[in-house]
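Asker: pasting a predicted model and its sequence here:
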Amino acid sequence: MIQTAQDVVDQVPAESAQQAVGYPALFLLVVLGSLVPVVPTGALVSTAAVVAFHHSDPLALLVVFALASSAAFLGDTGLYWIGLRGVRSRNGSRRLEALRGRATPERLEQARRGLHEHGSRVLVLSRLVPAGRIPVMVACLLSKMPMHRFARGDVPACLAWAAAYQLIGILGGSLFPEPWQGVVAAVALTLLISGAPTVWRRLRGA
């Protein structure tokens with residue numbers, strides 16, 4: 001009984017240190033990944049959810065969800081603001097052209113149709129579909145959607161995105177007793193989901 005109490009006492013400072021480093025890192029990396037669409041933000045959220053699932057603090061999962069969704073929203077709105085500056089400038093911007101280069105003509109046309117049919121609600125789907133965020137954002141920019149309208153549609157999109165990838169992490173954490181095993185499972189599942197559309201398009205092209 002004395003040993004158990006001592007283990008708890010020893011564990012608290014370690015967990016506090018992990019929170020002090022891990023939470024700000026998660027926030028900054030998700031913001032960076034939203035601004036520069038090469039960072040696997042979904043895998044980051046799933047990994048953080050696995051660690052939070054095995055954490056002694058019952059609010060850890062809630063903190064991960066709040067940080068991930070708010071960071072994604074900050075990154076999205078920051079990237080959209082940069083894109084709007086390019087749309088409104090006389091000569092356009094290299095950032096806008098770079099965004100357009102990441103969206104194939106087929107995906108961009110699909111995004112335009114979805115935006116025309118569903119308005120800003122298509123932002124929710126774009127966040128949940130792998131590689132769907134940038135084409136929809138470009139379609140919004142080309143249609144000159146105001147910043148406030150984009151932001152209003154992006155709030156539920158970021159909440160749904162954070163919840164989806166956190167559920168993947170919770171699933172991975174619940175299947176394995178060790179956190180590292182859950183992290184491996186969650187990252188593998190996240191990468192599989194992210195890469196499935198690309199593999200499918202290549203198979204169709206072949």
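Answerer: Happy to help now that I have it.
Asker: for the rest of this, base every contact and every neighbour count on C-alpha atoms.
Answerer: Noted.
Asker: how about low-confidence regions in this protein?
Answerer: Confidence mapping of the chain against pLDDT under 70 gives the ranges 1-21, 56, 88-93, 95, 176-177, 179-180, 182, 191-206.
Asker: show me where it has helices.
Answerer: For the chain, the helices identified by DSSP state H occupy 2-35, 41-53, 60-88, 94-101, 105-118, 122-128, 133-142, 147-175, 179-205, in order along the chain.
Asker: so what touches the fifth one?
Answerer: Think helix 105-118. Helix 105-118 is touched from outside by Arg121, Val122, Gly132, Pro135, Val136, Val138, Ala139, Cys140, with contacts defined as CA atoms under 8 Å, 6 or more residues apart in numbering.
Asker: in it, which residues are buried?
Answerer: Within helix 105-118, the residues that count as buried by 16 or more other CA atoms under 10 Å are Arg107, Leu108, Gln110, Ala111, Arg112, Gly114, Leu115.
Asker: pick the most buried one from the helices of the chain.
Answerer: Neighbour counts (mean count of other CA atoms under 10 Å) averaged over each of these peak at helix 41-53, with a mean of 27.
Asker: for that helix, enumerate the helices and strands it packs against.
Answerer: Helices and strands touching helix 41-53, as assessed by 3 or more CA pairs under 8 Å, 6 or more residues apart in numbering; DSSP states H and E, comprise helix 2-35, helix 60-88, helix 147-175, helix 179-205.
Asker: could you give the angle of the second one to helix 133-142?
Answerer: For helix 60-88 against helix 133-142, the angle by axes from the mean of the first three to the mean of the last three CA atoms, to 10 degrees is 40 degrees.
Asker: picking that back up, for the contacts of helix 105-118, which one is nearest Gln166?
Answerer: Minimum distance to Gln166 across those is 18.8 Å, recorded for Gly132 (CA to CA).
Asker: check contacts around the closest residue to Phe65 other than its chain neighbours.
Answerer: Spatial nearest neighbour of Phe65, chain neighbours left out: Ala162 (6.0 Å); criterion: CA to CA, 6 or more residues apart in numbering. Under the criterion of CA under 8 Å, 6+ apart, the contact list for Ala162 reads Gly42, Val45, Phe65, Ala68, Ser69.
Asker: tell me who's in contact with the second one.
Answerer: Contact criterion CA under 8 Å, 6+ apart gives Leu26, Val64, Ala68, Ala162, Tyr165, Gln166, Gly169 as the residues in contact with Val45.
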